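**Q** Mind folding the following:
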Amino acid sequence: MSHAENELMTQPECWTRAAELAVRHKDVLASPGERVAVVGCGTSFFMAQSVAALREGAGLGETDAFAASEFPATRSYDRVIALTRSGTTTEVLDLLARLRGTVRTTAITADPDTPVMGAADDLVVLDFADEESVVQTRFATTALTLLRAHLGLHTEQAVADARTALAEPLPAGLVECSQFTFLGQGWTNGLAQEAALKMREASLSWTEAYPAMEYRHGPVSISTDTTATWMFGTAPAGLADEVRATGALWIEGALDPLAELVRAQRLAVAVAAFRNLDPDRPRHLRRSIVLDAG
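**A** Numbers count the residues shown, from 1 in each chain. Here you go, the predicted structure:
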């Protein structure tokens with residue numbers, strides 16, 4: 001069994017611990033009404049997109065999400081929250097250094113012995129969700145659960161649904177598909193993007209992700225009887241029928257959307273096995289992106 005598969009199986013327990021930690025760290029995870037930016041790279045950027053949509057949708061304050069390298073120098077915030085599993089990602093560390101003394105920063109990381117510990121003003125360490133695999137699974141969903149719980153939006157049902165996602169078999173014929181599209185709305189757009197990234201990283205799959213209402217505006221043209229379209233959350237009216245009419249396999253998530261991401265992680269590992277690939281060692285990737293200063 002790969003590290004990725006072992007690690008993704010532990011997510012229900014990690015989520016429970018993260019929800020408990022949220023109470024202890026409430027003062028550094030942004031107060032209601034604060035203007036907040038959430039930043040990250042790769043998977044962490046997609047989690048930032050999800051939490052930004054959740055926070056602003058809950059009426060708790062204007063919230064933006066940026067790739068750390070694209071943070072706008074002209075905007076002002078009350079707090080910037082940085083997600084970084086490794087604590088060594090160059091773009092995140094550079095941004096925190098630029099923000100030092102101008103805005104309060106919080107880093108959420110898995111490794112307590114890394115440069116980010118001295119780069120941010122406040123810290124939340126999720127060392128129990130650290131990973132050996134290059135491919136992120138449990139750290140990403142645990143960090144999002146921490147923030148979801150802080151917003152008062154985490155439920156025990158999400159944990160129960162994660163257990164269901166780990167126990168139930170994947171839909172018949174899904175692993176054999178040649179192309180995968182993930183769709184979301186609101187906060188689940190970030191989850192759809194992350195699901196597509198997992199498929200690319202772990203199984204070298206042709207994958208795409210879109211806001212659900214955008215799928216009709218061109219992307220549906222690739223749908224055939226060898227493709228799959230997976231909806232995170234409730235689909236817009238009529239979309240499922242339109243996709244099925246193309247011959248594509250339609251998957252509509254019935255579980256909590258974060259638990260649906262766990263199912264997509266399982267799919268990525270299963271497709272990797274089907275194609276005789278090692279999901280722990282994705283092509284051209286490494287666990288942390290540290291850029292040469294020269």
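
**Q** From now on I want contacts and neighbour counts done on CA atoms only, so please keep to that.
**A** Fine.

**Q** what residue ranges in the protein are flagged as low confidence?
**A** Residue ranges of the chain with pLDDT under 70: 282-294.

**Q** center of it, which residue is that?
**A** Among the residues of the chain, the one closest to the centroid is Met47, at 3.9 Å (CA atoms, centre = their mean).

**Q** ok, that one touching Leu191?
**A** Yes - using CA atoms under 8 Å, Met47 is in contact with Leu191, at 7.1 Å.

**Q** Show me this structure divided up by domain.
**A** With domains defined by automatic domain parsing, the chain comprises 3-154, 157-274.

**Q** What are the boundaries of the strands in the stretch 151-294 of the chain?
**A** Per DSSP state E, counting those that start in this stretch, the stretch 151-294 of the chain carries strands over the ranges 179-184, 206-211, 227-231, 249-252.

**Q** Mean neighbour count for these - can I get that in JSON lines?
**A** JSON lines is the format used below for these (neighbours: other CA atoms under 10 Å):
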{"stretch": "strand 179-184", "mean neighbour count": "24"}
{"stretch": "strand 206-211", "mean neighbour count": "19"}
{"stretch": "strand 227-231", "mean neighbour count": "24"}
{"stretch": "strand 249-252", "mean neighbour count": "19"}
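
**Q** Tell me which of those lies nearest to Asp161.
**A** strand 249-252 (14.5 Å; CA to CA).

**Q** which residues are in contact with the closest one?
**A** Strand 249-252 has contacts (CA atoms under 8 Å, 6 or more residues apart in numbering) with 174, 225-235, 240, 243-244.

**Q** Go through the residues you listed and say which is closest to Ala202.
**A** Closest to Ala202 out of the contacts of strand 249-252 is Leu174 (15.7 Å), distances taken as CA to CA.

**Q** check contacts around the closest one.
**A** Contacts of Leu174 by CA under 8 Å, 6+ apart are 228, 249.

**Q** same thing but 10 Å
**A** Counting by CA atoms under 10 Å, 6 or more residues apart in numbering, Leu174 touches 180, 226-229, 249-251, 267, 270-271.

**Q** Could you do Ala22 as well?
**A** When contacts are counted by CA under 10 Å, 6+ apart, Ala22 touches 28-29, 124, 143, 145-152.

**Q** helices or strands up against the biggest helix by length in the chain?
**A** The longest helix of the chain (DSSP state H) is helix 257-274. Packing contacts for helix 257-274, counted by 3 or more CA pairs under 10 Å, 6 or more residues apart in numbering; DSSP states H and E, involve helix 3-8, helix 11-24, helix 138-150, helix 156-167, helix 188-203, strand 227-231.

**Q** Next, give phi and psi for Gly108.
**A** To be clear, residue 108 is Ile; Gly isn't right here. Here is the backbone geometry of Ile108 (degrees, to the nearest 10): phi -110, psi 120.

**Q** Please name whichever of the strands of the stretch 151-294 of the chain is nearest to Arg98.
**A** strand 206-211 (32.0 Å).

**Q** how far off helix 188-203 does the closest one point, in degrees?
**A** Counting by axes from the mean of the first three to the mean of the last three CA atoms, to 10 degrees, strand 206-211 lies at 170 degrees to helix 188-203.

**Q** what's strand 206-211 in contact with?
**A** With CA under 10 Å, 6+ apart as the test, strand 206-211 has contacts from 177-186, 188-200, 215, 219, 227-232.

**Q** Pull up the pairing partners for that strand, direction included.
**A** Its sheet considered, strand 206-211 pairs with strand 179-184 (parallel) by DSSP bridges.

**Q** Using CSV, list the CA coordinates for the partner strand.
**A** Extracted C-alpha coordinates of strand 179-184, given in CSV (Å, rounded to 0.1, in the frame of the first residue of the first chain):
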residue,chain,number,x,y,z
GLN,A,179,-10.7,11.7,-19.0
PHE,A,180,-12.1,13.2,-15.8
THR,A,181,-13.8,16.5,-15.3
PHE,A,182,-14.6,17.9,-11.8
LEU,A,183,-17.3,20.6,-11.2
GLY,A,184,-18.1,22.8,-8.2
